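# Build me a model:
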Amino acid sequence: MAVLLLGTLDTKGAEAAYLRDRLRAAGVPVAVADAGIIGPPAFPPDITREQLFAAAGARFDDFRALGDRGKAVATAADGAAKLAAKLHRDGKLTGVLGLGGSAGTTIGTAAMRALPVGVPKLMVSTLASGDMRPYVGTRDVMTLYSVVDIAGLNRISRLVLDNAAAAMAGMVRAGFPLTPSPLGGEGGGGGYLPHRSDPHPNPPPSQGEGTRDKPVVTATMFGVTTPCVEAARKAVEAAGFEVLTFHATGAGGRTMEGLIRDGLVSGVLDLTTTELADELAGGIMAAGPDRLTAAAIAGVPQVISVGALDMVNFGPPDTVPAKYKDRRFYRHNPMVTLMRTTPEENDRIGKDIAEKACAARGPTAILLPLRGVSAIDVEGGPFWWPEADAALFQSIRNWVYGVELVEVDAHINSPEFAAAAAAKLLALMNRA
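Numbers count the residues shown, from 1 in each chain. Predicted coordinates for the structure are as follows:
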């Protein structure tokens with residue numbers, strides 16, 4: 001019997017490995033299931049994505065060729081639910097632990113809702129400080145807010161993941177007898193649970209030690225801006241900074257701004273300002289009217305961009321306000337419906353960005369990716385609307401003054417744009 005650890009090993013591989021190792025150190029057998037759909041897994045899982053999709057009666061290669069991320073997430077969630085139910089029926093599952101953003105939370109909690117009450121269920125999620133009703137349903141699903149985005153190991157994410165592993169170990173110890181045998185493959189790690197007086201025998205070395213004295217940079221990210229932010233994060237970290245990434249879900253933006261106000265941040269890579277669109281149009285991931293003001297007031301160097309401002313976030317389709325019935329939509333996953341912003345809305349958002357940037361007391365630059373602002377705002381993509389993007393860019397040009405404006409003839413997720421954003425922030429911090 002083992003804990004089923006669900007994660008997208010292409011984008012959350014380091015975090016999943018950290019949780020796996022913490023559980024093993026506590027003597028908890030664990031099997032890792034890969035729900036990734038973008039790139040190769042960071043390490044070999046016990047249950048592959050192909051097996052996960054097969055549990056839903058589908059072929060992963062078919063979805064990779066189709067390129068529809070929303071359908072792929074829905075199918076992975078179905079497969080995870082059926083896999084977890086079967087493992088439980090076969091007496092091979094003691095609990096489910098998941099981690100992720102909106103896609104990972106959709107997949108992980110689908111598996112949890114397929115299990116009876118009493119089976120330990122814990123979801124580490126960037127969404128956990130918001131409305132979790134669609135994810136929890138009627139099951140005893142525990143959620144743990146990740147505080148920072150699940151995008152690299154740092155001083156905050158390690159603490160959260162340590163607590164997640166300890167909580168799962170405690171629940172498993174209380175409710176189920178364990179055997180030394182894993183589900184198979186490389187997962188598991190034999191041994192019974194330790195006594196309560198010795199909860200962490202031979203703990204693995206903490207990854208990322210030595211970062212406590214590094215200056216902190218914060219960054220904002222969405223699934224549709226992940227390639228950009230990940231590349232920029234690595235460049236900034238290589239320059240000697242620790243980067244805390246926040247999922248731009250409303251709570252993520254508010255949390256980041258709070259850390260800035262607390263004086264804990266040396267620079268801000270605010271590449272994903274999508275929360276401004278939700279604030280304007282009534283989406284569910286608004287961060288309030290003060291979003292994009294903390295760094296300006298504190299004088300912290302910042303690079304601002306327009307990531308994911310092509311979208312407003314709602315829940316399932318039936319939660320979209322009736323007044324928007326004729327708009328352009330994209331089903332990101334079963335729990336998230338995206339609505340394309342219009343030229344008129346983008347004109348207002350651009351003015352908001354410019355005015356807040358112009359009020360900054362510290363070094364500030366705005367970077368514009370002229371060939372698209374998200375993974376689905378590409379030529380041929382569901383949110384490709386050059387006129388809407390042009391309205392956003394022109395509004396910023398019209399209203400900005402006294403702030404450096406850099407236009408990059410590239411898509412936001414291109415290596416060129418990520419490199420430009422990282423280089424600009426490093427230059428601003430050196431100037432401060």
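# host element of A354?
Taking DSSP states H and E as the criterion, the element that holds A354 is helix 343-358.
# meant to ask about A420, not that
If you go by DSSP H and E, A420 is part of helix 415-431.
# what does that helix rub up against?
Defining contact as CB atoms under 8 Å, 6 or more residues apart in numbering, one finds that helix 415-431 is touched by 217, 227-233, 235-236, 239, 266-269, 271, 301-303, 305, 363-365, 367, 369, 404, 406, 408, 410-411. From N, CA and C alone the C-beta is placed, and that goes for glycine too.
# what about 6 Å?
228, 231-232, 235-236, 239, 267, 269, 271, 301, 303, 363, 365, 367, 369, 408, 410 (CB atoms under 6 Å, 6 or more residues apart in numbering).
# tell me the average confidence for that helix?
Regarding helix 415-431, the rounded mean pLDDT is 97.
# what's next to the helix holding A354, contact-wise?
For helix 343-358, contacts defined as CB under 6 Å, 6+ apart pick out 276, 280, 292-293, 296, 304, 309, 364, 366, 387-388, 391-392, 395-396, 399-403.
# okay, now the closest residue to A33 other than its chain neighbours: neighbour count?
Excluding the flanking residues, the one nearest A33 by CB to CB, 6 or more residues apart in numbering is I47, at 3.9 Å. Look at I47: counted by other CB atoms under 10 Å, it has 24 neighbours.
# Surely I47 is in contact with A35?
No. Assessed by CB atoms under 6 Å, I47 is found out of contact with A35, at 9.3 Å.
# coming back round to it: show me what the following helix or strand past the helix holding A354 packs onto, helices and strands only.
Downstream of helix 343-358, the next assigned helix or strand under DSSP H and E is strand 364-369. Counting contacts by 3 or more CB pairs under 6 Å, 6 or more residues apart in numbering; DSSP states H and E, strand 364-369 is packed against strand 302-304, strand 404-408, helix 415-431.
# Is it possible to get TSV of these that adds distance to M285 and mean neighbour count?
Compiled in TSV, the helices and strands packed on strand 364-369 are given as follows (distance: least, CB to CB, whole Å; neighbours: other CB atoms under 10 Å):
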stretch	distance to M285	mean neighbour count
strand 302-304	18	29
strand 404-408	26	15
helix 415-431	22	20
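# Just the pLDDT for D131.
At D131, the model reports a pLDDT of 87.
# my guess is it is in a strand, correct?
No. D131 is assigned coil when assessed by DSSP: H, G, I helix; E, B strand; the rest coil, not a strand.
# what's the closest non-adjacent residue to it?
In space, D131 is closest to I284, 7.1 Å off (CB to CB, 6+ apart).
# Could you count how many residues lie near the one you found?
By other CB under 10 Å, neighbour count at I284 equals 17.
# Over to P369?
Considering only other CB under 10 Å, P369 is surrounded by 29 other residues.
# That one contacts D409, correct?
No. Using CB under 6 Å, P369 is not in contact with D409; the gap is 8.7 Å.
# Overlap in contacts, those two.
Common neighbours of P369 and D409, using CB under 6 Å, 6+ apart, do not exist here.
# ok, and what's touching stretch 7-20?
5, 30, 32, 34-36, 38-39, 41-43, 45, 99, 104, 150, 153, 161, 165.
# end-to-end on that stretch?
Length of stretch 7-20, first residue to last, CA to CA, to the nearest Å: 11 Å.
# what do you get for stretch 334-345?
Taking CA to CA as the measure, stretch 334-345 stretches 26 Å from start to finish.
# what mean pLDDT does that stretch have?
Mean pLDDT, stretch 334-345: 95.
# Give me the buried positions along it.
Within stretch 334-345, the residues that count as buried by 16 or more other CB atoms under 10 Å are P334, M335, V336, T337, L338, M339, R340, T341, T342, E345.
# Using the three-state scheme, assign V117.
Secondary structure state of V117, per three-state DSSP, is coil.
# With R331 instead?
What three-state DSSP gives for R331 is strand.
# contacting residues around it?
R331 neighbours (CB under 6 Å, 6+ apart): G70, T337.
# go on, D149?
D149 makes contact with T126, M221, T245, F246, H247, according to CB under 6 Å, 6+ apart.
# any idea how far A286 is from it?
The gap separating D149 from A286 is 17 Å, by CB to CB, to the nearest Å.
# ok, back up a step: got the angle for the helix holding A420 vs strand 404-408?
Orientation check (axes from the mean of the first three to the mean of the last three CA atoms, to 10 degrees): helix 415-431 against strand 404-408 gives 160 degrees.
# How far does helix 415-431 sit from its chain's centre?
In terms of CA atoms, centre = their mean, to the nearest Å, the centre of helix 415-431 is set 22 Å apart from its chain centre.
# ok, now stretch 1-20?
The chain centre lies 14 Å from the centre of stretch 1-20; the measure is CA atoms, centre = their mean.
# what's the span of that stretch from first residue to last?
End-to-end span of stretch 1-20 (CA to CA): 15 Å.
# Could you give me the buried positions within that stretch?
Here stretch 1-20 shows 1-20 as buried, counting by 16+ other CB under 10 Å.
# Among those, which are located in strands?
A2, V3, L4, L5, L6, G7 (DSSP state E).
# what sits opposite the fourth one in the beta ladder?
In this case it means L5. Beta-bridge partners for L5, by DSSP bridges, are V32, L97.
# Okay, angle between the helix holding A354 and strand 364-369 too, please.
Interaxial angle, helix 343-358 versus strand 364-369 (the same axes, to 10 degrees): 150 degrees.
# What residues sit buried inside helix 343-358?
Buried, per 16+ other CB under 10 Å, within helix 343-358: E345, N346, D347, R348, I349, G350, K351, D352, I353, A354, K356, A357.
# In JSON lines, list those along with distance to G253.
Shown next, in JSON lines, are the buried residues of helix 343-358 (distance: CB to CB, whole Å):
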{"residue": "E345", "distance to G253": "18"}
{"residue": "N346", "distance to G253": "19"}
{"residue": "D347", "distance to G253": "22"}
{"residue": "R348", "distance to G253": "18"}
{"residue": "I349", "distance to G253": "14"}
{"residue": "G350", "distance to G253": "18"}
{"residue": "K351", "distance to G253": "19"}
{"residue": "D352", "distance to G253": "14"}
{"residue": "I353", "distance to G253": "13"}
{"residue": "A354", "distance to G253": "18"}
{"residue": "K356", "distance to G253": "13"}
{"residue": "A357", "distance to G253": "16"}
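# E257: which of the residues you listed is nearest?
Nearest to E257 among the buried residues of helix 343-358, counting by CB to CB, is K356 at 11.6 Å.
# Relative to M285, how far out is that closest one?
The gap separating K356 from M285 is 18 Å, by CB to CB.
# repeat for D409
According to CB to CB, D409 stands 29 Å off from M285.
# surely A277 meets G307?
No. Between A277 and G307 there is no contact under CB under 6 Å: 10.7 Å.
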